[in-house]
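Chemist: here is a sequence together with a model predicted from it:
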Amino acid sequence: MNIFVLLKRTFDTEEKITIANGAINEDGAEFIINPYDEYAVEEAIQLRESHGGEVTVVSVGGEDGEKQLRTALAMGADKAVLINTEDDIEYGDQHTTSKILAEYLKDKEADIILAGNVAIDCGSGQVGPRVADLLDIPYVTTITKLEIEGDKVSVVRDVEGDSEVIETSLPLLITAQQGLNEPRYPSLPGIMKAKKKPLEELELDDLDLDEDEVEAKTKVIEIFLPPTKEAGRVLEGEISEKVKELVSLLHKEAKVI
């Protein structure tokens, strides 16, 4: 089975985000594999263990992303590909990333492509579906269970606190939701082996893509932290008085009624 995983480098979820000049300050920040992508990597490895084949993890970005790709190799992936856009693209969005990934994957004859449901930094959940659309293959998002028999696929999909079962066929792209599996930690032998596993680095020219083909369709105007919440207020008096005061506050101050 020819298995590919789309992987993104994101801020560590334990990091305290700071803003400088309308942008996220990356100085001294720690980065990790996007947590939802870890579920995709784990599921890909389990698929290979059950069905055979090869797992390739692919990432778009700068050279710093090599660390996260090596982590995925240490988890058990076979190969990694970094599509380095550091010198070619000043700003990219979901269109940019999807176009690059689809161009790379178009002739790879992938049986299944796995991605995280969302990235914890942007949270749009667009890249996986966009890649599938460009490749003209079916996709299912937010899955919590995956079973493959031959080219037939059964998935359980998380839908607003409930679930639905979908049957489809390969080739297929799926996005992983929390609960799909429990990602393994890289072992020491895995970390040592990862150093010798192939990590290929490509650029836009290697994909026959021009900068204008992957130019972002959106623009970030400003990034800012949410305002600090004010302390709550305790209402005093009889129940009827507190109800009247609450309604008045919701109407005049909070302006929600």
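Modeler: Great, that's in hand. Remember, predicted model here, so these are calculated numbers, not experimental data.
Chemist: what bridges to Ile33?
Modeler: Arg9 (DSSP bridges).
Chemist: longest single helix anywhere in the protein?
Modeler: For the chain, the helix that runs over the most residues, judged by DSSP state H, is helix 35-51.
Chemist: quick one: buried residues of that one?
Modeler: By neighbour count, with 16 or more other Cβ atoms under 10 Å as the criterion, the buried positions of helix 35-51 are 35-48. Backbone N, C-alpha and C define where each C-beta goes, glycine included.
Chemist: and those residues, which two are furthest apart?
Modeler: Based on Cβ to Cβ, the longest span within the buried residues of helix 35-51 runs between Pro35 and Arg48 and measures 21.2 Å.
Chemist: rewinding a little: packing partners of the longest helix of the chain?
Modeler: The helices and strands touching helix 35-51, judged by 3 or more Cβ pairs under 8 Å, 6 or more residues apart in numbering; DSSP states H and E, are strand 2-6, strand 54-61, helix 66-75, strand 112-116, strand 139-149, strand 172-176.
Chemist: which of the ones you listed sits closest to Glu103?
Modeler: Taking Cβ to Cβ as the criterion, strand 54-61 is the member of these that comes nearest to Glu103, at 10.5 Å.
Chemist: what comes up buried for the closest one?
Modeler: By neighbour count, with 16+ other Cβ under 10 Å as the criterion, the buried positions of strand 54-61 are 55-61.
Chemist: how far away is the closest residue to Lys106 other than its chain neighbours from Phe4?
Modeler: The spatial neighbour of Lys106 that comes closest, neighbours along the chain excluded (Cβ to Cβ, 6 or more residues apart in numbering), is Leu135 at 6.4 Å. Distance from Leu135 to Phe4, counting by Cβ to Cβ, to the nearest Å: 11 Å.
Chemist: check which residues of stretch 8-28 are buried.
Modeler: Within stretch 8-28, the residues scored as buried using 16+ other Cβ under 10 Å are 8-11.
Chemist: contacts only, for Glu15.
Modeler: Listed by Cβ atoms under 8 Å, 6 or more residues apart in numbering, the contact set of Glu15 reads 29-30.
Chemist: okay, and it sits in which element?
Modeler: Assignment of secondary structure by DSSP states H and E places Glu15 within no helix or strand.
Chemist: correct me if wrong: Gly76 contacts Tyr185.
Modeler: No. Because the distance of 11.0 Å does not satisfy Cβ atoms under 8 Å, Gly76 is recorded as not touching Tyr185.
Chemist: name the nearest of the buried residues of helix 35-51 relative to Tyr139.
Modeler: Relative to Tyr139, the closest of the buried residues of helix 35-51 is Ala40; by Cβ to Cβ it sits at 12.9 Å.
Chemist: burial of Pro226, as a residue count?
Modeler: Pro226 is surrounded by 5 other residues when neighbours are defined as other Cβ atoms under 10 Å.
Chemist: circling back: can I get the longest helix of the chain in CSV, CA atoms only?
Modeler: Provided in CSV are the C-alpha atoms of helix 35-51 (Å, rounded to 0.1, in the frame of the first residue of the first chain):
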residue,chain,number,x,y,z
PRO,A,35,-1.1,17.3,17.0
TYR,A,36,-3.8,16.2,14.6
ASP,A,37,-1.1,15.2,12.1
GLU,A,38,0.4,12.9,14.7
TYR,A,39,-2.9,10.9,14.6
ALA,A,40,-2.4,10.7,10.8
VAL,A,41,1.2,9.5,11.1
GLU,A,42,0.2,6.9,13.6
GLU,A,43,-2.7,5.6,11.5
ALA,A,44,-0.4,5.4,8.5
ILE,A,45,2.1,3.3,10.3
GLN,A,46,-0.6,1.0,11.6
LEU,A,47,-2.0,0.6,8.0
ARG,A,48,1.5,-0.3,6.8
GLU,A,49,1.8,-2.9,9.6
SER,A,50,-1.5,-4.4,8.6
HIS,A,51,-1.4,-4.2,4.8
